[in-house]
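*Asks:* quick one, fold the following:
(one chain, ligands or ions: 1)
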Amino acid sequence: MTAIALDGVSKHFGTSIALDDVSLAVPEGAFLALLGPSGCGKTTILRLIAGFEAPTRGVVRFGARTVATAEAQVPPEERQVAMVFQSYALWPHMTVAENVAYPLATARRPKSEVAGRVAEALHVVGLAGYGERRPEALSGGQRQRVALARALVQEAPLVLCDEPLANLDVHLRAAMLASFRRLHRDTGRTFVYVTHDQAEALALATHIAVLDGGRLAQLGAPQAIYAAPATEAVARFVGEGRILDAVTRSPVEAGRLPVRLAGAELMVRAPAGTRPGAVKLLVRPENVMLGGPLAAVVRGATYRGPAWAVEATLHDGQSLMLALPAAPREGDRLDLAVTDAWVVPAI
Ligand SMILES: Nc1ncnc2c1ncn2[C@@H]1O[C@H](COP(=O)(O)OP(=O)(O)OP(=O)(O)O)[C@@H](O)[C@H]1O
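*Replies:* Just a heads-up that it's a prediction; the model follows:
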């Protein structure tokens, strides 16, 4: 069953086009990450789903129910969505428990029920026993977990998150990623999660929608987006790697294609319909090994902890990245093999 669908949705703000003919659908229980650079339209999609904006064109549906067209919109409070913001949006004068209880109190639920559900939500986010504190007496990560508990305490089947980890340091982020993943799994709710951080999207999502300039560039599973980006923009935005010019004379057979790169023959993956001629080849660092037909010269290396990120130039002047356990010297010669690469579809 489809949880959320956008059908031909555009959103204009005056003359500025925030979204241009976006169609996407995800099933119930999905974790959809909206990913893309600043200004690509992520927050606008979230606000259209929440009901804070109306589409200029197109339809927003929750399951079979139409919640918005250009002409008519269901108001936010009738959409059964819970929201988690980057800024936490906690009331400073209320205790943690009162903050979490707020949506239930405004829904006039009986006190006995509220207390039980608040305690349960705080337990789920790992904050049992923190109910009587004020938000100011909590760390950033704890505050974000209060905001998460407040979203969970509502019976909303849909949880919308707007860059909830953007203000947290790297360790808290890692811990919160685990919390989000567990909560998604345990509650079975549908999450829509805005982020410009590809690592977050890859770690959390069942579905990633990559946006580029207000258009949907690709919707797919994290593994599919990483292994087979649909456009050059997606290839550059998700994961590391270089896009190199190569040439093929053959048609694709069973997804495989022989290409010529800097004088060497490689077998790579390619989308059906790739035509003979010039192609763009995405080569990721983890697929470049020592010992192969590509002569290269080291241009530089950056220490990354587990390995050195090395930039090497091929004899035609194009460069690629690889990981090496020890630092090479600039000017060192390497013989490289590319074990996997993807022909980025031409559009
Ligand atoms: N209320 C508004 N009025 C005018 N333009 C707007 C409004 N809201 C968004 N926009 C424009 O629409 C485009 C998409 O904005 P949106 O906030 O959805 O991007 P985003 O991908 O969430 O970016 P960020 O990661 O920086 O938050 C941007 O060019 C933005 O300037």
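*Asks:* go through stretch 159-176 and flag the buried ones.
*Replies:* Residues of stretch 159-176 classed as buried under the neighbour-count rule (16 or more other Cβ atoms under 10 Å) are 159, 160, 161, 162, 163, 164, 165, 166, 168, 172, 173, 176. (C-beta placed from N, C-alpha, C; glycine too.)
*Asks:* check those residues against residue 72 and report the nearest one.
*Replies:* Closest to residue 72 out of those is residue 160 (20.9 Å), distances taken as Cβ to Cβ.
*Asks:* work out for me the element the closest one sits within.
*Replies:* Here residue 160 is covered by strand 158-162, with elements defined by DSSP states H and E.
*Asks:* CA atoms only: put the next helix or strand along the chain from that strand into PDB for me.
*Replies:* On the C-terminal side of strand 158-162, the nearest following helix or strand under DSSP H and E is helix 170-187. Output in PDB follows, covering the C-alpha atoms of helix 170-187 (Å, rounded to 0.1, in the frame of the first residue of the first chain):
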ATOM      1  CA  VAL A 170      29.700  13.800  14.800                       C
ATOM      2  CA  HIS A 171      29.500  11.400  17.800                       C
ATOM      3  CA  LEU A 172      26.000  12.300  18.700                       C
ATOM      4  CA  ARG A 173      25.000  12.000  15.100                       C
ATOM      5  CA  ALA A 174      26.200   8.500  14.900                       C
ATOM      6  CA  ALA A 175      24.300   7.600  18.100                       C
ATOM      7  CA  MET A 176      21.100   9.400  16.800                       C
ATOM      8  CA  LEU A 177      21.400   7.600  13.500                       C
ATOM      9  CA  ALA A 178      21.100   4.300  15.400                       C
ATOM     10  CA  SER A 179      18.100   5.700  17.300                       C
ATOM     11  CA  PHE A 180      16.300   6.700  14.200                       C
ATOM     12  CA  ARG A 181      17.000   3.400  12.500                       C
ATOM     13  CA  ARG A 182      15.700   1.400  15.600                       C
ATOM     14  CA  LEU A 183      12.600   3.600  16.000                       C
ATOM     15  CA  HIS A 184      11.700   3.200  12.300                       C
ATOM     16  CA  ARG A 185      12.100  -0.500  12.600                       C
ATOM     17  CA  ASP A 186      10.300  -0.900  15.900                       C
ATOM     18  CA  THR A 187       7.400   1.500  15.100                       C
END
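*Asks:* please name every helix or strand in contact with helix 170-187.
*Replies:* Counting contacts by 3 or more Cβ pairs under 8 Å, 6 or more residues apart in numbering; DSSP states H and E, helix 170-187 packs against helix 140-153, strand 190-195, helix 198-204.
*Asks:* run the angle between the lowest-mean-pLDDT helix or strand in the chain and helix 140-153 for me.
*Replies:* Here the helix or strand of the chain ranked lowest by mean pLDDT, DSSP states H and E is helix 170-187, holding a mean of 83. Going by axes from the mean of the first three to the mean of the last three Cα atoms, to 10 degrees, helix 170-187 is angled at 20 degrees with respect to helix 140-153.
*Asks:* when you give positions from now on, start the count at 472
*Replies:* Okay, using 472 as the starting number, the last item reads as helix 641-658.
*Asks:* if we can go back for a sec, got a list of contacts for the strand holding residue 631?
*Replies:* The set of residues external to strand 629-633 that reach it, using Cβ atoms under 8 Å, 6 or more residues apart in numbering, is 474-475, 514, 517, 520-521, 533, 550-557, 622-623, 651, 660-665.
*Asks:* let's see that strand as PDB, backbone CA atoms only.
*Replies:* Listed next in PDB are the C-alpha coordinates belonging to strand 629-633 (Å, rounded to 0.1, in the frame of the first residue of the first chain):
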ATOM      1  CA  LEU A 629       3.700   9.500   9.200                       C
ATOM      2  CA  VAL A 630       6.800  11.100  10.800                       C
ATOM      3  CA  LEU A 631       8.400  14.100   9.000                       C
ATOM      4  CA  CYS A 632      12.000  15.100   9.900                       C
ATOM      5  CA  ASP A 633      13.700  18.300   8.700                       C
END
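*Asks:* so it versus helix 611-624, what angle?
*Replies:* With the same axes, to 10 degrees as the basis, strand 629-633 and helix 611-624 are set at 150 degrees to each other.
*Asks:* in this structure, which spans are helices?
*Replies:* Per DSSP state H, the chain has helices spanning 513-521, 567-577, 582-595, 611-624, 641-658, 669-675, 693-698, 703-708. These are given in chain order.
*Asks:* who in the stretch 572-721 of the chain is up against the ligand?
*Replies:* If contact is defined as Cβ under 6 Å from any ligand atom, the residues of the stretch 572-721 of the chain in contact with the ligand are residue 667.
*Asks:* residue of the stretch 572-721 of the chain closest to the ligand, please.
*Replies:* residue 667 (5.0 Å; Cβ to the nearest ligand atom).
*Asks:* the residue nearest the centre of the chain: what's its closest spatial neighbour, skipping adjacent residues?
*Replies:* Nearest to the mean C-alpha position of the chain, counting by Cα atoms, centre = their mean, stands residue 672 at 2.9 Å. Spatially, and ignoring its direct neighbours in sequence, residue 672 is nearest to residue 504 (3.7 Å; Cβ to Cβ, 6 or more residues apart in numbering).
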